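Visitor: I'll drop the sequence and a predicted model, then ask my questions.
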Amino acid sequence: MYAIVEIAGKQFKVEKDQKIFVHRLDAEEGAQVEFSQIMLIDNEGAISVGAPTVEGASVKAKVLSHLKDDKVIVFKKKRRKGYKVKNGHRQCLTQIQIEEIVA
């Protein structure tokens, strides 16, 4: 059984006991979170497609940790002008574990 879920503006394919990284959520570590924006549920061949969401469906997850992603270097340059700027960025992420998919 899997579901397509919208979490923090992005869509993820999730299954039970799966661990995924999503954009930073406003929940403490160890807290339970519930997502109700379910686009599709596949229950062993029985597919439910929402228009735009599946009514009454939800996904329950547990927040495992908050962390930062690897650094991405942003380098800008304009040739022959002496213009160079080097910046770095680390995205804030939350690791969650899917506990239950309710159809």
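Guide: Sure thing, it's come through.
Visitor: ranges for the strands of the chain?
Guide: 2-7, 10-15, 19-23, 32-35, 38-43, 46-49, 58-68, 72-78, 83-89, 92-102 (DSSP state E).
Visitor: Most tightly packed of these?
Guide: Of all the strands of the chain, strand 2-7 has the most neighbours on average by mean count of other Cβ atoms under 10 Å, namely a mean of 20. (Each C-beta comes from the backbone N, C-alpha and C, glycine too.)
Visitor: Packing partners of it?
Guide: Strand 2-7 sits against strand 10-15, strand 32-35, strand 38-43, with contacts defined as 3 or more Cβ pairs under 8 Å, 6 or more residues apart in numbering; DSSP states H and E.
Visitor: Next one, pLDDT for residue 34 please.
Guide: Residue 34 is assigned 96 on the pLDDT scale.
Visitor: contacting residues around it?
Guide: Contact analysis of residue 34 by Cβ atoms under 8 Å, 6 or more residues apart in numbering lists 58-61.
Visitor: which two from these end up farthest apart in space?
Guide: 58 and 61 (10.1 Å; Cβ to Cβ).
Visitor: quick one: average pLDDT of stretch 40-52?
Guide: Stretch 40-52 comes out at a mean pLDDT of 90.
Visitor: no, scratch that, I was asking about stretch 1-19
Guide: 95.
Visitor: So which residues make contact with it?
Guide: 20, 22-25, 35, 37-44, 57, 59, 64, 95-101, 103.
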